[in-house]
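1. Could you work out the structure for the sequence below:
(chains A and B)
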Amino acid sequence: MVRGRVVLNNAVESIRGTTLLLVEPVTADNLAARNGAGGGKTLVVADRLSPHEGQMVGFVEGREAANAYWPGNVPVDAYCALIVENYDFQPPNGPETQK
Amino acid sequence: MFLARIDGTLTSTAKHATLEACRFLLGQRLDADGQASGEPIVLLDRLGARHGSTVLVSTDGDIARKWLGNTAPARLIVVGIVDQVYTG
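-> Modelled structure (predicted):
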């Protein structure tokens, strides 16, 4: 879930101009409940899709996040790859039995 | 690599251009007992995994770069559909 934006004052040259979102991963219980809550550990992701606050997004972590800026070399390790339109999530025994 | 259970699917209209033709699955990583752990994850699949399938997931995005191009921001790829898991 998108929780906000981050604006940098001073920054290393290679990350300047990169839009940054504050996102909260969604736990299995919250995903199944469709309650708009996240529950995971908040992180910052680079973004070029401009989702609204409260929208659900899919992000990629790791060096693949910087692929989006190839052949440039932007020092990001998380990137917003998609805005979720809809989903179907049905774990076998219901969310209450998930670890 | 790790095992995951497919628990659903996900659709997106606004996404990175390289992901345009991709099929997205929602899964949960499995521990050795077959219990789901951690937050649900979005997986890229070209093998036709179905709801309830156990799959082998690779976190090496190189295969996504080969499929989708150098700028593809994708990392979790279904590289196999599991037939059987044997544990102690």
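2. Near chain B, which residues of chain A? Just list them.
-> A:25-28, A:31, A:40, A:48-49, A:51, A:58, A:60-65, A:67-71, A:79, A:81-92, A:98-99 (C-beta under 8 Å from any C-beta of the partner chain). (C-beta placed from N, C-alpha, C; glycine too.)
3. again, 7 Å this time
-> A:25-28, A:31, A:40, A:49, A:58, A:60-62, A:64-65, A:67-68, A:70, A:79, A:81-92, A:98-99 (C-beta under 7 Å from any C-beta of the partner chain).
4. any idea how far chain A is from B:V42?
-> Distance of B:V42 to chain A, computed by C-beta to the nearest C-beta, to the nearest Å: 5 Å.
5. and what of B:P73?
-> According to C-beta to the nearest C-beta, B:P73 stands 4 Å off from chain A.
6. For that residue, give me its contacts.
-> Contact partners of B:P73, counting by C-beta atoms under 7 Å, 6 or more residues apart in numbering or on different chains, are A:V60, A:E64, A:A65, A:N67, A:A68, A:Y79, A:A81, B:H16.
7. which residue is nearest the middle of chain A?
-> Geometric centre of chain A, nearest residue: A:F59, 4.2 Å, by C-alpha atoms, centre = their mean.
8. I am finished for the moment; much appreciated.
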